[in-house]
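1. Please work out how this folds:
(2 chains, ligands or ions: 2)
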2 protein chains.
Amino acid sequence: MTNFENRIGVKSLLDKVVTADEAAKLISDGDVVGMSGFTRAGDAKVVPMALAERAKNEKFQIDVYTGASLGPEVDKYLAEAGVIRKRGPFQADAGIRNMINAGQVTYVDAHLSHNAELVRQGIIGPIKYAILEAVAITEDGMIVPTTSVGNSNIFAEYAENIIIELNISHPETLIGIHDIYTPAEQGKRGPIPMTNPEQRIGTIGIKVDPAKIKAIVISEEPDAPSMIVPPDEETQTMANILLDFFRDEIKAGRLTNELMPLQSGVGSVANAVLDGFADSEFENLVVASEVLQDAVFNLIDAGKVRFAAAASITLTKELQEKVYGNLENYADKICLRPQEISNHPELIRRLGLISINTALELDIYGNVNSTHVSGTKMMNGIGGSGDFARNARLGIFVTKSYAKGGAISSIVPMVSHVDHTEHDVDIIVTEQGLADLRGLAPKERAAAIIENCAHPDYKEQLWDYYNRAVEATGNAQTPHILSEALSWHVSLAENKTMKKELAK
Amino acid sequence: MTNFENRIGVKSLLDKVVTADEAAKLISDGDVVGMSGFTRAGDAKVVPMALAERAKNEKFQIDVYTGASLGPEVDKYLAEAGVIRKRGPFQADAGIRNMINAGQVTYVDAHLSHNAELVRQGIIGPIKYAILEAVAITEDGMIVPTTSVGNSNIFAEYAENIIIELNISHPETLIGIHDIYTPAEQGKRGPIPMTNPEQRIGTIGIKVDPAKIKAIVISEEPDAPSMIVPPDEETQTMANILLDFFRDEIKAGRLTNELMPLQSGVGSVANAVLDGFADSEFENLVVASEVLQDAVFNLIDAGKVRFAAAASITLTKELQEKVYGNLENYADKICLRPQEISNHPELIRRLGLISINTALELDIYGNVNSTHVSGTKMMNGIGGSGDFARNARLGIFVTKSYAKGGAISSIVPMVSHVDHTEHDVDIIVTEQGLADLRGLAPKERAAAIIENCAHPDYKEQLWDYYNRAVEATGNAQTPHILSEALSWHVSLAENKTMKKELAK
Ligand SMILES: CC(C)(COP(=O)(O)OP(=O)(O)OC[C@H]1O[C@@H](n2cnc3c(N)ncnc32)[C@H](O)[C@@H]1OP(=O)(O)O)[C@@H](O)C(=O)NCCC(=O)NCCS
Ligand SMILES: CC(C)(COP(=O)(O)OP(=O)(O)OC[C@H]1O[C@@H](n2cnc3c(N)ncnc32)[C@H](O)[C@@H]1OP(=O)(O)O)[C@@H](O)C(=O)NCCC(=O)NCCS
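-> Ligands and ions are numbered 1, 2, ... in the order given. Next up, the predicted model:
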């Protein structure tokens, strides 16, 4: 535990250095706590672990709000220690997920761009403590975040007290890659002055009143590596289908070879699809996303991506070593921003993003479920997918056409939960093909989705439902047979398959 | 037909004055046509009627895109003449609605702020003709719209040809109330420079190349009056509940007495709720909406509303006479803008709107259906409700707790169609009470909605479903029994009631 003093620019704060246990004692039962961290990157780690330790001898609960999903320290160990009462706005760990779906943790799933406004209004809050991982505190009292910004700026502004996890395992070369801009209150704010994702509009750290900093804990815990699986044949097919679509859009005069700023969602499928650009003719791409996963750095290395901005960097072990060991090579090509900015409708619409997110399931009319397995069990959360899909120039959803070895069709008569409505879904891609839904009415969409995207095993079954629904409703706007619309999910629960002939 | 010349500032255009029949002949089978008009205001009238007439002797079809719903000339007579193949983005006439729900008109329901981007990308289009009602053409070649702007600016920019309906029954005092601003292409545009709804950022008319104007038809047809019904006891109760909520928000320090800019949706209920402000202590209110209905002008008269901006003015017969007969009294208090601006996510979020829209039905978890009766039959469309609800500071939905004399509960286990997801609905108001859903998880929301908003006749039935769903799913994130979730709608179809004991 050496060599941290030079990372604390405000020398009076050296007094505040304490152990994680001491810092954890500051938190009281019932506190609302805002923590740094976004998709396992830049999250508070040692104080939450000390809180979990403390819970062995003491009963207390807190509400935990973050940027997005945290690593196991919070979303597994702290949750399983019974410390988390309420959790928002995103998680992706089996530990907390199981507790959420057993009613042991109250989970508030929300659009990631909405949190900051809720903090301003005190709907989230009052925030007693912000626990923020930092790579340094500058001489003028700015907290420099590590591998994510997430909601840290807004937590720092509204929290009564701040605990810093000064993580000296993160390279100091991170200083300078952040661009912190926080809009003023609604009604008193101006436009966000960004017209291009490469433009810097803020500061390199989060300005705070140093008096709010009640403790600094020195940490050396690395970010938990991302657990995405590498591309497979089917995700490669999906990538190729999408690249061909972009080529057609260029021919139609709707895009140029540089495309538009790309957003790509969390998860293996979205990462794999982005990876597909590596061997393509596309160049000079700009990424304006929420998370930078492995694919983005591979594309920077391949000279395909010119610049990449997001709210966090989430890498596998292998990429972590490569990127953080050579950050100086990437420093002028990347930028980390608050999620209120990376996901802001104002910017997504102005910049004309192409947004690629993953669906859990979708229906024949183009409604997408991103969150709820069979309409009831929370998977991860909506994350930023709604911020992007609603406002993007092109709202693309990708998914394999089937799940669980074919027992599940990802395309169903009616989704069991809606996160993205028919109005927000432009393009659907499965390994079977692509449905371009732009400008189409529901029945036109149904034909495109069933024909182009459904798995062959389910095509006939989908047409059968659709045709009977058209008949039963007299060809209404959105034909459905309500007594049957969710029967595929019911069959899955009862017979372990959505396949009609097997279910009989 | 006198005294129109002085309304045509570009004298070379006087040559273009023709009859409606002659103008209608310019349109060809298969054309995509953009028409002015937004909620029965400022719509093209005489050329569509001439098209309907022409269709008696000739078979042809066109695609019709507008601002929002048009009056009977288009959405009844032109539709029933069989001329409309595709229609978007909003309608509210029984004539076309019946055809849509019989598969005779293809209807593309869309967020009203999305249309302009789709026109820019050519997804809507190429637009062969724009038919635009105007009160005048200025000397510098600007088309001055009448009682709505809607999409007229973007249609005028992208249409190959323009037909003007110069409507001399509209007072010339309309000149100056419009504020036309059109963003540039995505990626090449700057921020929309508005920080306050009272600010003017554009021009008083739509700049066009006069060479695109192929015909000018003189019209004296008034706007079809709005058909909203006056407030009743229940809508008054809803207004009072909402006013009390605002008072509580002021006490909590989240609002001031001037509130925030108010948006209020189409329909009788939203109008009635706004009317409730008349006898309140609130003052200096600003309206930033899509449509200005009767209530807004009553509130201006009562000194409650200081300024009102929208994309259209839609009034009953009585209010039409009062307002248009004395427009000079209102001219400095109102402003009409393109719907891309009135509904722009950038502005809605920046300004912090309070948005009040009407739900057809909603479910115990806060998902809202605004469009589809029993999930299949289109009512009107989503209109701007999604633009507002998603981005507003406060997204409020109002509805009576029951419909059709009590046979229908507006609150159901699962909505049969989702337009606004659980993430976009902050407050629900029925005549029974208010549910404040901000910051709540699904099961917390269910308790608030059932207890505060459901009709007493359905409360027990809703609790019964919910409790059994919690049991059946092991207390999952969003408890549902999928085999039963839509059974209330099935029962309605089969037994003409959602009431369980009557259905038996
Ligand atoms: C939807 C989402 C869960 C997909 O994740 P992914 O890793 O790309 O996709 P996978 O295909 O590997 O699916 C993940 C799991 O869901 C299962 N699954 C997929 N479709 C399913 C369906 N229709 N029904 C039930 N389970 C399904 C898979 O079998 C897999 O299960 P496993 O973990 O037990 O193997 C993920 O993208 C997500 O959480 N999205 C919402 C948030 C978001 O989009 N954010 C974007 C902005 S960052
Ligand atoms: C939802 C909407 C149809 C309600 O309209 P309204 O005039 O305020 O409401 P009403 O209560 O009078 O209901 C209208 C009709 O729907 C019926 N209805 C209401 N709830 C119903 C339900 N759950 N199931 C079936 N029918 C229902 C009513 O009985 C009434 O029928 P009627 O015309 O045969 O009498 C209307 O607000 C709308 O189209 N909204 C979507 C667009 C929008 O919100 N735009 C806002 C931005 S401008």
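2. Next, A:Glu346: phi, psi?
-> phi -60, psi -50 (degrees, to the nearest 10).
3. Make sure it is actually in contact with B:Asn391.
-> No. The pair A:Glu346 / B:Asn391 is not scored as a contact, 9.2 Å apart, by CB atoms under 8 Å. Every C-beta, even on glycine, is put in place using the N, C-alpha and C of the backbone.
4. hey, what's in contact with both of those two?
-> B:Pro345, B:Arg349 (CB atoms under 8 Å, 6 or more residues apart in numbering or on different chains).
5. Which one's more surrounded, the two?
-> Taking other CB atoms under 10 Å in any protein chain shown, A:Glu346 and B:Asn391 do not tie; B:Asn391 has more neighbours (29 against 24).
6. Skipping adjacent residues, who's closest to the more buried one in space?
-> Nearest non-adjacent residue to B:Asn391, counting by CB to CB, 6 or more residues apart in numbering or on different chains: B:Ile348, 3.9 Å away.
7. Distance check, A:Asn196 against A:Leu262.
-> The gap separating A:Asn196 from A:Leu262 is 14 Å, by CB to CB, to the nearest Å.
8. Between these two, which has more neighbouring residues?
-> More crowded of A:Asn196 and A:Leu262, by other CB under 10 Å: A:Leu262, with 23 against 13.
9. what sits against that one?
-> Counted by CB under 8 Å, 6+ apart, A:Leu262 has contacts A:Leu274, A:Leu285, A:Val286, A:Val287, A:Ala288, A:Ser289, A:Leu353, A:Ile354, A:Ser355, A:Ile356.
10. Check which helices and strands the longest strand seen in chain A sits against.
-> Counting residues, the longest strand found in chain A (DSSP state E) is strand A:129-137. Identification of packing neighbours for strand A:129-137 by 3 or more CB pairs under 8 Å, 6 or more residues apart in numbering or on different chains; DSSP states H and E yields strand A:32-35, strand A:142-145, helix A:152-158, strand A:161-167, strand A:213-219.
11. one more time with 7 Å, if that's ok
-> strand A:32-35, strand A:142-145, helix A:152-158, strand A:161-167 (3 or more CB pairs under 7 Å, 6 or more residues apart in numbering or on different chains; DSSP states H and E).
12. out of those, nearest to chain B?
-> Among these, strand A:32-35 comes nearest to chain B, with 10.3 Å by CB to the nearest CB.
13. And the residue in chain A positioned nearest to ligand 1, how far from ligand 2?
-> Relative to ligand 1, the nearest point of chain A is A:Gly267 (2.6 Å; CB to the nearest ligand atom). Here A:Gly267 is placed at a distance of 33 Å from ligand 2 (CB to the nearest ligand atom, to the nearest Å).
14. Does that residue touch A:Ala359 like I think?
-> No. Counting by CB atoms under 7 Å, A:Gly267 does not reach A:Ala359; the two are 10.4 Å apart.
15. separation between the residue nearest to the spatial centre of chain A and B:Arg350?
-> Closest to where the C-alpha atoms of chain A average out (CA atoms, centre = their mean) is A:Gly383, at 4.6 Å. Distance of A:Gly383 to B:Arg350, given as CB to CB: 23 Å.
16. Also A:Asn452?
-> With CB to CB as the criterion, A:Asn452 and B:Arg350 are 39 Å apart.
17. With neighbour numbers in mind, choose between the two.
-> More crowded of A:Asn452 and B:Arg350, by other CB under 10 Å: B:Arg350, with 27 against 17.
18. Quick check: nearest residue in space to whichever residue of chain A sits closest to ligand 2, chain neighbours excluded?
-> In chain A, the residue found nearest to ligand 2 is A:His423; the distance is 11.9 Å by CB to the nearest ligand atom. Excluding the flanking residues, the one nearest A:His423 by CB to CB, 6+ apart is B:His111, at 5.4 Å.
19. Specify the local secondary structure of the one you found.
-> coil (DSSP: H, G, I helix; E, B strand; the rest coil).
20. Surely it touches B:Asp387?
-> Yes. Checked against CB under 7 Å, the pair B:His111 and B:Asp387 is within contact range at 5.4 Å.
21. So which residues make contact with the helix or strand the residue nearest to B:Asn391 falls within?
-> Assigned by DSSP states H and E, B:Ile348 falls within helix B:345-351. Outside helix B:345-351, the residues within contact range by CB atoms under 7 Å, 6 or more residues apart in numbering or on different chains are A:186-187, A:189, A:345-346, A:349-350, A:391, B:113, B:192, B:194, B:197, B:261, B:288, B:341, B:387-388, B:391-392.
22. run the last query once more with 8 Å
-> A:117, A:183, A:186-187, A:189, A:191, A:344-346, A:349-350, A:390-391, B:113, B:191-192, B:194-197, B:260-261, B:263, B:288, B:341, B:355, B:387-388, B:390-392.
23. filter these to the buried ones?
-> By neighbour count, with 16 or more other CB atoms under 10 Å in any protein chain shown, the contacts of helix B:345-351 hold A:117, A:183, A:186-187, A:191, A:344-346, A:349-350, A:390-391, B:113, B:191-192, B:194-195, B:197, B:260-261, B:263, B:288, B:341, B:355, B:387-388, B:390-392 as buried.
24. coming back round to it: and the residue nearest to A:His423, what's its pLDDT?
-> Looking at B:His111, its pLDDT stands at 98.
25. So it is in contact with B:Ala389, correct?
-> No. Assessed by CB under 8 Å, B:His111 is found out of contact with B:Ala389, at 10.4 Å.
26. sorry, back to before: look up how far A:Gly67 lies from the residue nearest to the centre of chain A.
-> Taking CB to CB as the measure, A:Gly383 falls 10 Å from A:Gly67.
27. between the two, what contacts are shared?
-> Taking CB under 8 Å, 6+ apart as the criterion, A:Gly383 and A:Gly67 both touch A:Phe90, A:Leu112.
28. hang on, the earlier thing: between B:His111 and B:Asp387, what contacts are shared?
-> Here B:His111 and B:Asp387 have B:Asn343 as joint contacts, going by CB under 8 Å, 6+ apart.
29. sec struct for whichever residue of the stretch 151-300 of chain A sits closest to chain B, please.
-> Proximity of the stretch 151-300 of chain A to chain B (CB to the nearest CB) peaks at A:Gln186, 2.7 Å away. Classification of A:Gln186 by three-state DSSP places it in coil.
30. Quick check: pLDDT value at it.
-> According to the model, A:Gln186 scores 97 on pLDDT.
31. In space, what's closest to it - neighbours in sequence excluded?
-> In this structure, A:Gln186 finds its nearest non-sequential neighbour in B:Gly352, 2.7 Å apart by CB to CB, 6+ apart.
32. Next, count neighbours for that neighbour.
-> Neighbours of B:Gly352 using other CB under 10 Å come to 23.
33. any idea how chain A splits into domains?
-> Following the TED database, one finds the domains of chain A at A:4-219, A:233-455.
34. Between the two ends of the longest one, how far is it?
-> Think domain A:233-455. Criterion CA to CA, to the nearest Å; first-to-last residue distance in domain A:233-455 is 15 Å.
35. And the shortest one, by the same measure?
-> Distance across domain A:4-219, first residue to last, is 10 Å (CA to CA).
36. same deal with stretch A:403-418?
-> End-to-end distance of stretch A:403-418: 18 Å, with CA to CA as the criterion.
37. Equivalent analysis for stretch A:306-314, please.
-> Start-to-end, stretch A:306-314 (CA to CA) is 19 Å.
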